[in-house]
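Q: Output the structure for:
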Amino acid sequence: MRVDQIPVGEIVLEAEDLQMIMTFGVTMSGSYHDLLTLKEYLINDPRYKVIWKSISPVHLRVVKRDQWDEFQRWRENRRA
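A: Purely as a prediction, here's the structure:
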């Protein structure tokens with residue numbers, strides 16, 4: 001069995017395996033109040049270093065590839 005095929009529940013980690021410093025990004029959605037509350041909670045926890053970046057107040061739109069042209073026309077009409 002290849003390593004990438006081992007079920008997560010069968011992976012055994014030792015305490016030493018968990019001591020390396022890691023960085024990961026998280027995208028979250030919620031009310032601005034909820035996100036600020038979470039930010040303050042994490043900032044006040046000395047275990048974490050928080051980099052706060054708000055990407056946009058506009059909701060992301062996901063479209064299928066075959067709907068891209070239709071989306072572009074909709075977006076152009078919306079601007080007019």
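Q: quick one, phi psi at L38?
A: In terms of degrees, to the nearest 10, the main-chain angles of L38 are phi -60, psi -40.
Q: Could you give the number of residues near it?
A: The tally of other residues near L38 (other CB atoms under 10 Å) stands at 14. C-beta: built from backbone N, CA, C; applies to glycine.
Q: Could you do R2 as well?
A: Neighbours of R2 using other CB under 10 Å come to 5.
Q: residues contacting it?
A: The neighbourhood of R2, defined by CB atoms under 8 Å, 6 or more residues apart in numbering, contains no residues.
Q: Tell me where the chain has strands.
A: Under the criterion DSSP state E, the chain carries no strands.
Q: who touches the residue most central in space within the chain in this structure?
A: Nearest to the mean C-alpha position of the chain, counting by CA atoms, centre = their mean, stands T27 at 2.3 Å. Applying CB under 8 Å, 6+ apart to T27 gives no contacts.
Q: Just the pLDDT for it.
A: pLDDT recorded at T27 is 78.
Q: Also Q5?
A: Reported pLDDT for Q5: 80.
Q: And the helices in this structure?
A: Here the chain has its helices, by DSSP state H, at 32-43, 68-79.
Q: Now W52: closest residue in space, sequence neighbours ignored.
A: K39 (5.5 Å; CB to CB, 6 or more residues apart in numbering).
Q: Pass me the low-pLDDT residue ranges in this protein, would you?
A: Along the chain, the parts satisfying pLDDT under 70 run over 1, 3, 54-57, 59-60.
Q: rewinding a little: check the gap between the residue nearest to the centre of the chain and R65 for me.
A: Separation of T27 from R65 (CB to CB, to the nearest Å): 22 Å.
Q: Give me the neighbour count for the residue nearest to W52.
A: 14.
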